[in-house]
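Student: 3D model of this:
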Amino acid sequence: MEIARKAALLVVISVLAFASMPAEANTGPVEEPSAGAMIVDLVVARPIGAVITVLGTATFLVGLPFTALGGNVGESGEKLVVAPARETFQRCLGCKNAGWRGDYAD
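Tutor: Numbers count the residues shown, from 1 in each chain. Sure thing, here's the model as predicted:
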């Protein structure tokens, strides 16, 4: 039971460390999504992204002992948890690329 507690603590610390990293600035042109793209994104893509994020997190937790032994916890966390969460929660509504739109003042 102590091993499970330590693994859970490691997961929480890893997720917090990845979540606190600043998002990369979107250096491309500012996207101007249509109203239809925004509606489809809100109704279809975001719920699917949330489900994929939860499934990726569960997969990350199940595979954590093996990835820890293999030394690639960071890569696993990035691909299974952080990338889906970034696509779901940091992408502007209707946009195709993750990150902020870049149309705000610094």
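
Student: From now on I want contacts and neighbour counts done on CA atoms only, so please keep to that.
Tutor: Fine.

Student: pLDDT-wise, which helix or strand of the protein ranks last?
Tutor: Ranking every helix and strand in the chain by mean pLDDT, DSSP states H and E puts helix 2-19 at the bottom, with a mean of 62.

Student: and after that helix, which helix or strand comes next?
Tutor: helix 35-40 (DSSP states H and E).

Student: Test my guess that Ala50 contacts Thr88.
Tutor: Yes - shown here, Ala50 and Thr88 form a contact pair, counting by Cα atoms under 8 Å, at 6.3 Å.

Student: Tell me which residues touch Pro33, please.
Tutor: Residues near Pro33 by Cα atoms under 8 Å, 6 or more residues apart in numbering: 93-95.

Student: between Ala50 and Thr88, which one's more packed in?
Tutor: Thr88 (23 against 16; other Cα atoms under 10 Å).

Student: For the more buried one, identify the helix or strand it belongs to.
Tutor: Using DSSP H and E, Thr88 falls within helix 83-89.

Student: Check which residues of that helix are buried.
Tutor: With burial defined by 16 or more other Cα atoms under 10 Å, the residues of helix 83-89 counted as buried are 84-88.

Student: same check, this time on stretch 44-57
Tutor: Result for stretch 44-57 [16+ other Cα under 10 Å]: buried residues 45-46, 49-50, 52-54, 56-57.

Student: Contacts for it next, please.
Tutor: Residues contacting stretch 44-57 (Cα under 8 Å, 6+ apart): 80-81, 84-85, 87-88.

Student: which helix is the longest one in the chain?
Tutor: Scanning the chain for the longest helix, with DSSP state H as the assignment, gives helix 46-70.

Student: Starting from that one, tell me the next helix or strand along the chain.
Tutor: helix 73-77.

Student: would you put the C-alpha positions of that following helix in PDB?
Tutor: The C-alpha trace of helix 73-77 is given here as PDB (Å, rounded to 0.1, in the frame of the first residue of the first chain):
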ATOM      1  CA  VAL A  73       8.000   9.300 -17.000                       C
ATOM      2  CA  GLY A  74       8.300  12.800 -18.500                       C
ATOM      3  CA  GLU A  75       7.700  11.700 -22.100                       C
ATOM      4  CA  SER A  76       4.800   9.500 -21.000                       C
ATOM      5  CA  GLY A  77       3.200  12.300 -19.000                       C
END
